[in-house]
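[1] Give the three-dimensional model of this entry:
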Amino acid sequence: MNVQTPEASSADAPKLTQLREPLNTRIPAIIVGVVIAIIACLSIWYLVRPVPLLVQGEVDATRLDNAARVDGRVAEIPVVRGENVAAGAVLVNIDNPETIAKQAQSVAAKIVAEAQLANIHAGTRAEVISARKAAQERAEANVVLAQKTFDRTRQLAEHGNAPIARLDQATDSLHESQRALDQAKSAYEQAVNGYTREERQIAEANVGKAVADIEAVKSIIDQMTVYAPVASQVYQRNVEPGEYVSPGVPLITLIDLSDLWIHFDLREDLVKGLKVGDRFGVRIPALGDRRITVEVKLIATKGEYASWRATRSTGDFDLRTFSIRAYPVDRVSELRPGMSAYLDWRMRE
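    Model prediction:
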């Protein structure tokens, strides 16, 4: 059995110390090398990784600008901004006293026209016929008297017992009596026959015109109340009570929250490969970066503006802008117009 002595242990101690010294000096160098390697790897990864292409869109919806076809002063606006209204709900009431007065005038004109038509249908009154019959008989008696006077005067004039001037007066009286008889006969026949067919047609046309005038004024009065065309939400009130408005001026702006979409404007080099029906996810920051799936339903080119130039023959090309409309696949009740939407275009698939 070998037993180590204290002298032997003291001899090995310098050798162990010599082995530890090179190891302690190499540890910092190893750490520095590892750090450099990590930095190099990260740099290479950042250089070769695909750069994200963020595309920003905006939530939009169908907007309805409701205007009146009449002018007047705003009397009442029974809705407030942000209120959900049903189809046919009253949005604005307009006051126009002149139009109301025209309606009263039209109603009065209709009453007069109907009275005239009823008078024509009733025919001539019996009292009028009797009076004209009496006037005709009186004219006939005057003709008989004038004829007798003329005959006597002519006989006297032939025998030289009456002047020629007296005969001329008798002749004129006879002619006047005959003309008065003709007028009396015509008046009596007119009373008996009543109104003509043409007069009835004119009276009926006057009634029709009066009815049409009432309908025209009524249509204007109906336009003095503006109704919601569809179930929607009040987006903006463009006028306040007491303001004077003209025809065609938007009074209330509505949004149809059942028809929401996300709008993107993309260069035409990004549109390649995109087609109607494609689906991808977008992030909505206003909803806590909530991701929703949308479907492309419209790809349309934007209008040509003055700054747009023709394609160059060499070098770069001018790129058009396309409007993309993508609809949410599933209904998102919290989505509102104006919210932003973000999409990494290269990673959309």
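[2] Kindly provide the whole-number mean pLDDT of stretch 62-80.
    Mean per-residue pLDDT for stretch 62-80: 90.
[3] Extract the C-alpha set from it and format it as PDB.
    This file holds the C-alpha atoms of stretch 62-80, laid out as PDB (Å, rounded to 0.1, in the frame of the first residue of the first chain):
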ATOM      1  CA  THR A  62     -72.400  53.200 -47.800                       C
ATOM      2  CA  ARG A  63     -73.200  56.800 -47.100                       C
ATOM      3  CA  LEU A  64     -76.500  58.400 -47.900                       C
ATOM      4  CA  ASP A  65     -76.800  62.200 -48.200                       C
ATOM      5  CA  ASN A  66     -80.400  63.000 -47.700                       C
ATOM      6  CA  ALA A  67     -81.600  66.300 -49.200                       C
ATOM      7  CA  ALA A  68     -85.000  68.000 -49.800                       C
ATOM      8  CA  ARG A  69     -86.400  69.000 -53.100                       C
ATOM      9  CA  VAL A  70     -87.900  72.200 -51.700                       C
ATOM     10  CA  ASP A  71     -86.600  75.300 -50.000                       C
ATOM     11  CA  GLY A  72     -87.600  76.600 -46.600                       C
ATOM     12  CA  ARG A  73     -86.600  76.900 -43.000                       C
ATOM     13  CA  VAL A  74     -85.700  73.800 -40.900                       C
ATOM     14  CA  ALA A  75     -88.500  73.400 -38.400                       C
ATOM     15  CA  GLU A  76     -87.400  70.200 -36.600                       C
ATOM     16  CA  ILE A  77     -84.700  67.600 -36.600                       C
ATOM     17  CA  PRO A  78     -86.000  64.700 -34.400                       C
ATOM     18  CA  VAL A  79     -82.800  62.600 -34.700                       C
ATOM     19  CA  VAL A  80     -79.300  63.000 -33.200                       C
END
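[4] Can you list the buried residues in it?
    64, 66, 67, 68, 70, 71, 72, 74, 77, 79 (16 or more other CB atoms under 10 Å). Bear in mind the C-beta positions are built from the backbone N, C-alpha and C, glycine included.
[5] So the residue nearest to the spatial centre of the chain, which state does it fall into?
    Nearest to the mean C-alpha position of the chain, by CA atoms, centre = their mean, lies residue 66 at 5.6 Å. Assigned by DSSP: H, G, I helix; E, B strand; the rest coil, the conformation of residue 66 is strand.
[6] quick one: it and residue 248 touch, right?
    No - Residue 66 is beyond contact range of residue 248, at 11.0 Å (criterion: CB atoms under 8 Å).
[7] any residues in contact with both of those two?
    Listed as contacting both residue 66 and residue 248 by CB atoms under 8 Å, 6 or more residues apart in numbering is no residue at all.
[8] that older thread, any chance of the buried residues of stretch 62-80 in CSV, with distance to residue 288 too?
    Shown next, in CSV, are those (distance: CB to CB, whole Å):
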residue, distance to residue 288
64, 30
66, 34
67, 38
68, 42
70, 47
71, 48
72, 47
74, 41
77, 35
79, 31
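[9] any idea how far residue 198 is from residue 132?
    21 Å (CB to CB, to the nearest Å).
[10] whoops, residue 298 was the one
    On the measure of CB to CB, residue 298 and residue 132 end up 81 Å apart.
[11] Settle it for me: which of the two has more neighbours?
    More neighbours surround residue 132 than the other of residue 298 and residue 132, with 20 against 13 (other CB atoms under 10 Å).
[12] State the helix or strand in which the more buried one lies.
    Using DSSP states H and E, residue 132 sits within helix 126-158.
[13] List the buried residues of that helix.
    129, 132, 135, 136, 139, 142, 143, 146, 149, 150, 153, 157.
[14] Of the residues you listed, just say which sits nearest to residue 113.
    Proximity of these to residue 113 (CB to CB) peaks at residue 129, which lies at 25.5 Å.
[15] Per-residue pLDDT of the closest residue to the closest one other than its chain neighbours, please?
    Leaving aside its chain neighbours, residue 129 sits nearest to residue 191 (4.5 Å; criterion: CB to CB, 6 or more residues apart in numbering). With respect to pLDDT, residue 191 scores 76.
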